[in-house]
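S.K.: model this:
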Amino acid sequence: MSHQIIRVGIIGLGRSGRDIHGQSLSRLSQQFHIAAVADSIPERRLLAEKEYGCKAYASWQEMVENEQLGLVVNASPSHQHVPISLALLAMGMHVLCEKPLAGSVEEVDLLIEASERFGKQLAVFHQARYMPAYVRIREIIESGVLGRIVHIHFTSGVFARRWDWQTLKRNNGGTLLNTGSHIVDQALQLFGTELMPDITCIMDQANSFGDAEDFVKILMRGGGRPAVDLEVSSCNVFPGPMFAIQGTNGGLQGSNERLEWKYFKPDEAPAQHLITQPLVDRKGMPSYCRETLIWHTENWKLDLPEGKSESEEMTEQLYAMLYRSLVHGDELAIKPQQVRQQLALIEECRRQNPHIY
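M.R.: Reported below is the predicted structural model:
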């Protein structure tokens, strides 16, 4: 059986369409071939023709009408994701849509219904699911060495002012739908996607020049799950660890480049039992609970092939997953139904912050 190469069309050649999808797909020539691109800016079309040796069109409609494509990457501006993806699915196209997939639960439901009705895949570009540090964190949690997880803290903090189109609500801008959607996606996988968490959310519009939020603090809890604390900030001059996890047997902290975790093994710990009377030492004097635990410390460091960035690794892993789904029928690892849960959470965040939404 011959090896199948999927012909891809890319809609939009901006920061995502060209710098992420175009550059990554050009390296994955054994699975994908950039057959065509669509962008309204002539200079971008000329550059794509030179870089990828593909056809370039001024509109996505013209591209789809004139090309035989096995996949269309929707990297159009965020507020165009839903109408374009709906049209592509109706035209019989498999779609990989950039995040944010949509701006509301209602829109996600429309996309899911269209995907099912027309029998075409709708994949979502949540490549941070494949962040090497996050993958390692999931392995550590699942190993059980940290015990029962009590608290998870994820943060993405910088000090940065923005004045571009992604700071506007009408463009599906704002921190939660953009940077925050990656962290929300990661957190929901650890919390458990079969249960909608109770949330408390604080939003602010601090350093951006648009009308959307650029500071978000979310606390997720419920159902006997760990408390999950998320923060995405544009006004954090002193960001702490990206990840901090507390468990009954130990904890973890670190960044996308380095992790450290420390734990004790219960079978190596002194046997203890509850004492209901005040504690005293050997001399009969008041005492505190004291014991000596044997601590085990482990470390992880990002280690990629020379010349490969973390972003490239995450993108290639997502495209490998998508290829297996399209060619071999494997189940999508990142489903629009999971994104629906994100949007339900985001809608509740907005409801709790009427001064912004």
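S.K.: Next, the most far-flung residue of the chain relative to its centre: secondary structure please.
M.R.: For the chain, the residue at maximal distance from the C-alpha centroid (CA atoms, centre = their mean) is residue 283, at 56.9 Å. Recorded secondary structure, residue 283: coil (DSSP: H, G, I helix; E, B strand; the rest coil).
S.K.: Could you pull up phi and psi at it?
M.R.: phi -90, psi 0 (degrees, to the nearest 10).
S.K.: try residue 218
M.R.: Dihedral angles (degrees, to the nearest 10) for residue 218: phi -130, psi 130.
S.K.: Okay, buried residues for the longest strand seen in the chain please.
M.R.: The residue-count maximum for a strand in the chain (DSSP state E) belongs to strand 149-157. For strand 149-157, burial by neighbour count (16 or more other CB atoms under 10 Å) applies to 149, 152-157. For glycine as for every other residue, the C-beta is placed from the backbone atoms N, C-alpha and C.
S.K.: returning to that earlier point: next one: the residue farthest from the centre of the chain relative to residue 289, how far apart?
M.R.: Separation of residue 283 from residue 289 (CB to CB, to the nearest Å): 17 Å.
S.K.: still on that earlier bit, residues in contact with the helix or strand just after the longest strand of the chain: which ones?
M.R.: Where DSSP states H and E defines the elements, the next helix or strand beyond strand 149-157 is helix 179-191. Residues from elsewhere that reach helix 179-191 (CB atoms under 8 Å, 6 or more residues apart in numbering): 99-100, 126, 128-129, 131, 134, 138, 141, 149, 152, 154-156, 176, 197, 216, 218, 220, 225-226, 228, 230, 232, 334, 338-339, 341-342, 345-346.
S.K.: May I see the ChimeraX selection of the buried members of those?
M.R.: For the buried members of these, the matching ChimeraX selection, counting by 16+ other CB under 10 Å, is:
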select :99,100,126,128,129,131,134,141,149,152,154,155,156,176,197,216,218,220,225,226,228,230,232,334,338,339,341,342,345,346
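S.K.: picking that back up, identify, from the buried residues of strand 149-157, the entry nearest to residue 278.
M.R.: For the buried residues of strand 149-157, the closest approach to residue 278 (CB to CB) belongs to residue 149, at 32.5 Å.
S.K.: nearest residue to the closest one other than its sequence neighbours?
M.R.: residue 226 (4.3 Å; CB to CB, 6 or more residues apart in numbering).
S.K.: Name the residues that touch stretch 24-44?
M.R.: 3, 5-13, 17-18, 22, 45, 48, 51-52, 54-60, 62-63, 66-69, 71, 73, 312, 315-316, 319-320, 323.
S.K.: Oops, could you answer that again for stretch 158-176 instead?
M.R.: Against stretch 158-176 from outside (CB under 8 Å, 6+ apart): 77-79, 81, 100, 102-103, 178, 184, 203, 207-216, 232-237, 239, 346, 349, 357.
S.K.: for the stretch 1-150 of the chain, what are the low-confidence residue spans?
M.R.: 1-2 (pLDDT under 70).
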